[in-house]
Each structure stands twice: as C-alpha cells, then as structure tokens.
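S.K.: Give me a model of this one.
(one chain, ligands or ions: 1)
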Amino acid sequence: MKGLLQRLVYRLFARSDQASKRAGVISAITLSLLASLVPLIYHGLLEGGLILFGNLLLWPCLLAALHRPRWRWPALGLMAALGVNLSASVVSAVYYDSRYGLAFALSSLDTSRSESMAMLFKFPLALIVPLGFFLLALSLGNRFGTGLARARLGGRSGIAFVLWMLMLLAGSWQWGRASVPLVITTLSVSPGWNLATTSHAWWEKERYKALMADDYDFGGVSRSPEVPDDAVFVLIIGESQRRDQLSLYGYSRATTPNLDARRDELVVFDQAIAPAPQTVLAVPMLASLTDPRTFSPRYLDANLISLANQAGYHTEWLSRQGLDITSERTWITAIAQRADIARTIMTDYDDGLLDALDEALAREVEGPRLIVLHLYGSHPPASLQYPDSLRYFLTPDSRSPLTDAYDDSIRFTDQVIEGVFQRLEGRPAGVLYLSDHGLEHDPLSDAYVHGGDRPSQAPYRIPLWLWQTGQAPNPARELARLRSHAGEPFASFDLPYLASDWLGIRFSGDKPCLSPWAVCYQPRERHPVLDQLGRLNFYEDLPSDFLSRPLAPGAEELEEAVEATTELLERPEFMSGPGAKLDGQASQPDSRVTPPEDSSAFTLSPASLPSETLKD
Ligand SMILES: [Zn+2]
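M.R.: You can find the predicted model right below:
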C-alpha cells in the first residue's frame, strides 16, 4: 500500500526531460482556462478575457521555470499564490454566487482567528481549491514544462507577459477611475486579479487612521434637561437577522416569542433598510453620519459615540464580534474605541453580553449612559451561534436543517434581548434594536449567505424597533409620533438622527427632518445602498429575493451570444442552403414576426428554475 502510494506520487510529480513542446503548450492552456473560468463568468467576457490572455502568457513561463534551478522556487511561490487567488473567486462563486469584492476582502482582513476557522468549516473549498490547483500545476509543470524550456518559450512568454502588464498599466492610466490607485486597476485584470481587491480593501482600511488622530467636533452639542442622570439607553446592533424570519414581523414560526409578548410596548418599524449587505460596511454607516452616497472611512469620526460623549453621556461598547476591539484597527473598532469603555466579550454565545451588561449597570458613572451591545446574532453558520441545549426547531430529523438552525439562532437572540429588558425594568431606560443587515436565502439549497455583487432586497430587509420602560427617560419624545411613521420605509444609515432624538441630543450639524420623531419628517422616496463590491444601487431597483436576481455578467453575455447564434442558424436561409435563395426571401415576413416571441429567451432570470417552488 505504502509502495503503491509512493509510486503514485512519483508518477504524478516526477520531473521528465523528454516532454514535447506541444504537451507543454497544452498544459499551459489548460491551466490558463481553469484559472480564468470563474472571472469569465463573474467579471464579464471583457475583463475575464483580459485575465485569460494574461494567464496564457504567464503559464508557459511558469511551467518552464520549474526546470531552471534559479527560477524554480520563485515559480513555485507564484503558482501557490495564484491558487489562493483562484480560491477566493471559487468560494465567492460557489457559496455566494458573486465575485470576490471589496466587502468580502474587508471582512477577511477584519476576521478573527475563531471566525476564520468557522469559515473554513463552512467553506472547505477554500482549502481544496488552492491545494488542488497548485498540485495540478506542479504535476503538469514537472512532466511537460521541459518541452517549453527547451524551445525557449518560457523566457519569451515571460517577456511578453511583462510587456502585457505594462500595456494594462498604460490602459488603466488612460481609462481607469481616478479614485482608485493605478496599480489596483491594473491588477484587477491581471492573472492575480483578487490581489487588486485585497490591496484595495487594505488601502481603504488604512485611510481610516486619519480619524484616530483627533475627535470630531459636532459643535453646539446640548442634552435635553428631561433626560435624567440615571437614564440608560441600550443600542443593540444585531447580526445577519432577516426581517422575514421574525414572528414579530409575521413569520409563521414563533422565532421571537418574548418580543411578541411585548408587542404593545414596542414601536416596530416595518420597512427598515440596511445600507449594505456586510457588517464591515453597514455598521460604520449606521453608527456615523455617512451614507452610501458619501461613504468614505475618512468621515467615520463623525459618529454616534463621539456625539454622545460630547453630550455628557457615559458610553460603553460591548462587542461579541470576536475581534479585540481595544487593539484591532477596523472601521468598526475605530468607532467602538471612542467609547469610555470598549470591551470584547469572549464567551461562546451572545448571552455573555448579559453579564457584561450587569457589570456596566453596576458601575458608578457620571451622567446618563449609552451602552452599545454588538451581537453575533445569526451570523452564518447559524448553528454555532446558540447552545445545543436550546435547539428548538432543529431536530435530528430536520428536513431543512439550515433554516431550522437559523430560526433557532433568532429565537436565542430573542431570549438574550428579553434578558436586557429584565435588567432595565424599574429604571428610566430605553432599547433601540436593529440588525446590521439581513441575508440572502437560496430556497433551492436552503443556504443563508451574505449579499454579493448582484444582491436582492433580502439582505437589506432588517428588523428595527424601539422599547421604553414605563418611566420613559425622555417623556417629551413619546412614542406616539414615532408610531405614526413606523409603517414607512426607514434607511438605517439615518439612525444617528433618530438616535440623537432618542437620546435628547441636539447638535449644530443635525438634520432633524431625517428623524421620524420630527414633525417635518418625510420618509425618503428612494434608498441608496452599497453592494458587496461597494457599488451604489437603489434598494427600490433590486429584485425582491435571491432567485429573481440576474445572472452573472459573463453568463448573461454568453447566454445572449448562444441565443443570437441559435437564432441566426435557425433562419431559413441557413437551413435551406445556398441554392434556395428564393425560398429564403419568401419566408422573410415570417422571420420578422418571430423575434417578439423569441425575445422572451433573453430574459435575465434563469429560465430553467422551477418558478412554483421558489416561495421562501
Ligand atoms: Zn453582519
């Protein structure tokens, strides 16, 4: 057995000196096609085509380099890097039906070790693809690269590749966007295209450091005298909670029994909209004065925590998102670190936040408190976000275990929130809850994933509600007026305006009419949102759920090309051959009638999916 394995490994990876040039060329083309398939589909045929061309020039060079002692190790390193590059795209395509973009890259850069392990557990392809691709390239290179080396094709293709990259650089200079560095635009159509995404995310992340320097001055900040010094305001930021799956919003399963029982005490916003489908983009926008149109990390210093500090609040940010918010440098921790006390709670589940809340409430502080609880909520994989002993919908013979676990995680969050209520009763206190974003749900595979490059409305549909104790901290801001707007759409990036009214804070840059508490409030007609690539869309223009989304750009272009070719081939003049020109002319009126019927074949949604079973 051991001998067999050794012989197999030897056969797969042995270096051969007798390969032909032809075999080498075929290997290089195979690897180039494999590497470029996902970008061809997900980036469109133009961008994907540029990536394919770069690969076709690079791979002969890499395969030949394996047979030159001086170049072997650099080539191996580059091959491994290209495998990792490919893996980011394959994972995004397979699990999210999206290309790898800014928000995915930002999330990877901001990920804690425990979260990366959970992600690997969820996405085993992230390990299999780079390893498999590297071993395939190594095996092909060892066997067939020598033919390329002997024919001196390696060096020549290497030089051609460098020239090609210089041409791309010149092209980016000519046609690229001024807001994105030249190198990043160039890399985005190179064989290491995801390096562009990652460096873009890194570059954006670095820009926030400016806001660490000094405190933003809101100017003319005042606190309403009606807010007593012992008032407690708790802002709960939920995670990945789909509004459609809360019984508070009419879901058929009792996922929020505690909230349902308190329904009369709540103001429930029916149509709240998140600004982005990822935490890294959504939380900075809902906690600061930026919105999807103006979003830039440079503006995050104008945030809710700094505002509350300047109004004389004692502020705390208690997070269970896994990253150490006292030392890590992300857009969210930059805001959290503004709080008087910023703590990361390292318990297994969100209920650890309740002990932290007890400690926060026991502290002797000056002035009213604003306490932010940042939950881990229903983050995928949902089954890991609550204790096994609290499984309710998930049973050993569950037919849709992913939905059952997801619903369980919402039920667990409901229980944690009830714990918050119980700790606040008897005090002048209020709770404002919203989820950072929702999730896509693919009913065919039952998967729950973050929104990607062609999101539906689902990852933007979020729960948002408000609760006050009998001794409301701010009697003038009674809930009746708020209730009259609760049925209208509300953009959660306007939260600072709503929250400043909630906290009884006035400041000179305030736009009071953006708060549903204001007499002059008018809901927005259209709601700008960012997608995973950081592109601006309008919520109203997005398809309603996962299955009604358009195809990937390259797949759409391919489908159109195939349709057009089929139509062309089916024309009578093609069918009847060159001798039958007269017949062809006679039948032309018919072919003019057909296009309207055929045009339905150009529909954007995948026609092959059974439309009756799509109901979520
Ligand atoms: Zn999130």
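
S.K.: going forward, measure contacts between C-alpha atoms and count neighbours the same way
M.R.: OK.

S.K.: how about the residues of this structure that lie near the ion?
M.R.: The chain comes close to the ion at residues E239, S240, T279, as judged by Cα under 5 Å from the ion.

S.K.: which one of those sits closest to R329?
M.R.: Nearest to R329 out of the residues of the chain next to the ion is T279 (Cα to Cα; 14.9 Å).

S.K.: Next, give phi and psi for the closest residue in space to the closest one that isn't next to it in sequence.
M.R.: For T279, ignoring the flanking residues on the chain, the nearest one in space by Cα to Cα, 6 or more residues apart in numbering is D436 at 6.1 Å. Dihedral angles of D436 (phi, psi; degrees, to the nearest 10) stand at phi -60, psi -40.

S.K.: ok, D436 - how many residues close by?
M.R.: 34 (other Cα atoms under 10 Å).

S.K.: average pLDDT across stretch 232-252?
M.R.: For stretch 232-252, the mean pLDDT works out to 97.

S.K.: ditto for stretch 503-523
M.R.: 88.

S.K.: for the residues of the chain next to the ion, which one is nearest the ion?
M.R.: Nearest to the ion among those: T279, at 3.6 Å, using Cα to the ion.

S.K.: Adding secondary structure, distance to P473 and neighbour count, write the residues of the chain next to the ion out as CSV.
M.R.: Shown next, in CSV, are these (DSSP: H, G, I helix; E, B strand; the rest coil; distance: Cα to Cα, whole Å; neighbours: other Cα atoms under 10 Å):
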residue, secondary structure, distance to P473, neighbour count
E239, coil, 27, 26
S240, coil, 30, 29
T279, helix, 30, 22
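
S.K.: Name the residues of stretch 58-69 that come out as buried.
M.R.: Residues of stretch 58-69 classed as buried: L58, W59, P60, C61, L62, L63, A64, A65, L66, H67 (neighbour count, 16 or more other Cα atoms under 10 Å).

S.K.: Can you flag which of those belong to strands?
M.R.: Among the buried residues of stretch 58-69, no member is found in strands (DSSP state E).

S.K.: May I see those organised as a markdown table, with distance to P297 added?
M.R.: Converted to a markdown table, these look like this (distance: Cα to Cα, whole Å):
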| residue | distance to P297 |
| --- | --- |
| L58 | 36 |
| W59 | 38 |
| P60 | 42 |
| C61 | 41 |
| L62 | 39 |
| L63 | 42 |
| A64 | 45 |
| A65 | 43 |
| L66 | 44 |
| H67 | 47 |
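
S.K.: of all those residues, which two lie farthest apart?
M.R.: Pairwise distances across the buried residues of stretch 58-69 peak at 15.4 Å for L58 and H67 (criterion: Cα to Cα).

S.K.: What residues of stretch 40-59 count as buried?
M.R.: Result for stretch 40-59 [16+ other Cα under 10 Å]: buried residues 40-45, 47-59.

S.K.: what's the neighbour count on M119?
M.R.: 16.

S.K.: Check the secondary structure at it for me.
M.R.: Secondary structure for M119, judged by DSSP: H, G, I helix; E, B strand; the rest coil, is helix.

S.K.: quick one: it and the ion, what's the gap?
M.R.: Using Cα to the ion, to the nearest Å, M119 is found at 14 Å from the ion.

S.K.: How about A287?
M.R.: On the measure of Cα to the ion, A287 and the ion end up 14 Å apart.

S.K.: Hmm, that residue is touching A499, no?
M.R.: No - in this structure A287 lies outside contact range of A499 using Cα atoms under 8 Å: 9.6 Å.

S.K.: ok, these two, which is more surrounded?
M.R.: For A287 versus A499, the count of surrounding residues by other Cα under 10 Å is larger for A287: 23 against 19.
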